[in-house]
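Sequence isn't available, so here's the structure alone:
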């Protein structure tokens with residue numbers, strides 16, 4: 001799947017995240033894409049790196065399989081870059097907040113950096 005503009009990627013990404021569609025999310029990434037995750041368990045000096053569309057699909061399938069709601073908020077697209085925030089809520093009320101930055105290459109996501117914090 002190739003998407004021509006970052007605005008289109010933003011719309012599809014929002015709908016897939018909020019719809020908990022891991023398969024659709026995986027289709028947005030290039031075969032050699034990299035997702036880097038920074039949080040309490042994966043600090044900036046040792047971020048988690050998920051490499052390749054298959055591994056990224058597994059990552060999204062895990063997230064989308066959890067019983068929680070996802071809301072994508074602030075989206076800013078400029079050139080081949082997109083930034084967005086994501087609020088997630090588990091049924092018990094625990095929350096996760098995420099900021100993500102995406103680089104697009106040839107109509108697909110080539111790199112994504114995720115910074116997240118959650119209730120403990």
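It's in. Only a predicted model underlies this, so the values are computations on that prediction, with no experimental measurement involved.

Strands along the chain, start to end?
Remark: strands assigned in the chain by DSSP state E are 29-38, 48-51, 69-78, 81-89, 95-105, 108-118.

Determine which of those approaches residue 61 most closely.
strand 48-51 (11.9 Å; CB to CB). In short, each C-beta sits where N, CA and C put it, glycine included.

pLDDT on the closest one, on average?
In this model, strand 48-51 carries a mean pLDDT of 98.

re earlier: nearest to residue 18, of the strands of the chain?
The closest of the strands of the chain to residue 18 is strand 69-78. By CB to CB, the value is 5.3 Å.

about what we covered before: can you put the strands of the chain in CSV and add distance to residue 17?
Listed next are the strands of the chain as CSV, based on distance: least, CB to CB, whole Å:
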stretch, distance to residue 17
strand 29-38, 13
strand 48-51, 16
strand 69-78, 5
strand 81-89, 6
strand 95-105, 10
strand 108-118, 12
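
Relative to residue 11, which of these is closest?
strand 69-78 (8.6 Å).

got a list of contacts for the closest one?
The contact list for strand 69-78, computed with CB atoms under 8 Å, 6 or more residues apart in numbering, reads 6-7, 9-10, 13-14, 17-18, 20, 82-89.
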